[in-house]
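K.L.:
From the sequence below, what's the structure:
(one chain, ligands or ions: 2)
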Amino acid sequence: MSILDALTKPVGLPERYHALSEEEMVQRVREIKKELGDRLYLPAHHYQKDEVVQFADDTGDSLQLAQLAAKNKKAETIVFCGVHFMAETADILTEEHQTVILPDMRAGCSMADMADIHQTERAWKMLTESFGETILPLTYVNSTAAIKSFVGENGGATVTSSNATAMVEWAFTQKERILFLPDQHLGRNTSYDLGIPLEAMAVWDPISDRLEYDGDYENVKVILWKGHCSVHEKFTFDNIAQVRRDMPGVNVIVHPECTFEVVQKSDFAGSTKMIIETIERAPSGSSWAIGTEMNLVNRIIQDHPDKNIVSLNPNMCPCLTMNRIDLPHLLWSLEEVLAGRKTNQISVDEKTAKFAKDALNRMLERA
Ligand code: 13P
Ligand code: SF4
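P.N.:
Ligands and ions are numbered 1, 2, ... in the order given. Below you'll find the model as predicted:
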């Protein structure tokens, strides 16, 4: 949907959905799913609410959902339960005849919003003036289609938290330096794991259009975009110290969107998939403090009653934009699909999609 469409067409949840009971909504979603059969595909990110996840055809992390979207050629409509950039990715990777719907257009991502295309083009111009043709851009999939397109057009690729290490390694086979957008923490944590010292990492501030770096530019290997996840940045060193005091023997496991300090003080760090699989494999009776999104942590706790699991930050909130997708919005979307309307369609224009797909495919070939 274009900005003009978004401004001129009603996109809000109709009033009548507020009056429905949970039972009525659950029943109706079941019926519509049955009626649409495999004309509908409903993927959900692991951070989605249980009331939505219960209806998912597949759940996954960002990489798995991108792979699944690329594979599904059958469904006419994909009702994507996740955030905006994930639905854009699905639209780019699916076929022309497939329509991608996001149940609530307000389900954005504050991290993706931290890099816009104009800032990126300005940064690129200034950075290439300083570093010449030595930089390869990489972008976390948590970015707009326009950023993915920019990266693809400049020979780079997307990464997810599941394959960031492999993608950064690949990038250094292409160029001397990388520009990593938009999550400075994932970029820093991944590069450090690959043996790149912090002194070889500079930070690009898109607000002041300035490179934050004290030394000789010749030594810069990684340029980190100054963006972050407002959910994962809330886990702190103090949370780790506290949980180690409260639960002797606890294993601390965090997502690499957490800060460098938190990742360094943890016992394990890895993607959503890695966190889920690590807890699945852990012995009964073991203790875990998990530093990631709250809906997922609560689900892991429910699924493993034989283990002592807590959130690393007891005052943590779920990701508010992920949470915008709820049962009423899901039902509304499905009723619109059933009525043949493309309400809240996510459609990436052809030119943007072309290079964005190059960036995504460079990742999917290696994932
Ligand atoms: P992954 O699904 O790649 O672990 O990313 C987490 C996230 O923050 C998604 O928005
Ligand atoms: Fe964006 Fe963070 Fe929410 Fe993921 S958890 S959607 S990165 S704000």
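K.L.:
hey, let's count contacts and neighbours off CA atoms from now on
P.N.:
Noted.
K.L.:
Helix, strand, or coil at the residue most central in space within the chain?
P.N.:
Nearest to the mean C-alpha position of the chain, by C-alpha atoms, centre = their mean, lies Asn142 at 4.5 Å. The three-state label given to Asn142 by DSSP: H, G, I helix; E, B strand; the rest coil is coil.
K.L.:
who's in contact with the nearest residue to it once chain neighbours are set aside?
P.N.:
Excluding the flanking residues, the one nearest Asn142 by C-alpha to C-alpha, 6 or more residues apart in numbering is Ala112, at 5.3 Å. Contact partners of Ala112, counting by C-alpha atoms under 8 Å, 6 or more residues apart in numbering, are Phe85, Asn142, Ser143, Thr144, Pro182.
K.L.:
one more time with 7 Å, if that's ok
P.N.:
Listed by C-alpha atoms under 7 Å, 6 or more residues apart in numbering, the contact set of Ala112 reads Asn142, Ser143, Thr144, Pro182.
K.L.:
wait, what's in contact with the second one?
P.N.:
Under the criterion of C-alpha under 7 Å, 6+ apart, the neighbours of Ser143 are Phe85, Ala112, Pro182.
K.L.:
same thing but 6 Å
P.N.:
The neighbours of Ser143, taking C-alpha atoms under 6 Å, 6 or more residues apart in numbering as the test, are Ala112.
K.L.:
now it: how far from Lys234?
P.N.:
Counting by C-alpha to C-alpha, to the nearest Å, the separation of Ser143 from Lys234 is 20 Å.
K.L.:
same thing with the third one?
P.N.:
As defined by C-alpha to C-alpha, Thr144 lies at a distance of 23 Å from Lys234.
K.L.:
Not counting its neighbours along the chain, what's nearest whichever residue of the stretch 151-300 of the chain sits closest to ligand 2?
P.N.:
Nearest residue of the stretch 151-300 of the chain to ligand 2, counting by C-alpha to the nearest ligand atom: Cys229, 4.1 Å away. Distances taken as C-alpha to C-alpha, 6+ apart place Met111 nearest to Cys229, at 5.1 Å, with adjacent residues excluded.
K.L.:
tally of neighbours for that neighbour?
P.N.:
20 (other C-alpha atoms under 10 Å).
K.L.:
got it, and Ile196?
P.N.:
16.
K.L.:
Please list the residues outside the longest helix seen in the chain that contact it.
P.N.:
Ordering each helix of the chain by length in residues (DSSP state H) puts helix 350-366 first. If you take C-alpha under 6 Å, 6+ apart as the criterion, helix 350-366 is touched by Ile92, Lys148, Ser149, Gly152, Glu153, Ala157, Thr158.
K.L.:
Relative to Leu93, how far out is the residue lying closest to the second one once chain neighbours are set aside?
P.N.:
Sequence neighbours aside, Ala356 is the residue nearest to Lys148 in space, at 4.6 Å (criterion: C-alpha to C-alpha, 6+ apart). Using C-alpha to C-alpha, Ala356 is found at 9 Å from Leu93.
K.L.:
again, but for Val243
P.N.:
Distance, Val243 to Leu93, using C-alpha to C-alpha: 42 Å.
K.L.:
quick one: contacts for the closest residue to Ile309 other than its chain neighbours?
P.N.:
In space, and not counting its chain neighbours, Ile309 is closest to Trp288: 4.7 Å by C-alpha to C-alpha, 6+ apart. Counting by C-alpha under 6 Å, 6+ apart, Trp288 touches Val250, Asn251, Val252, Ile309.
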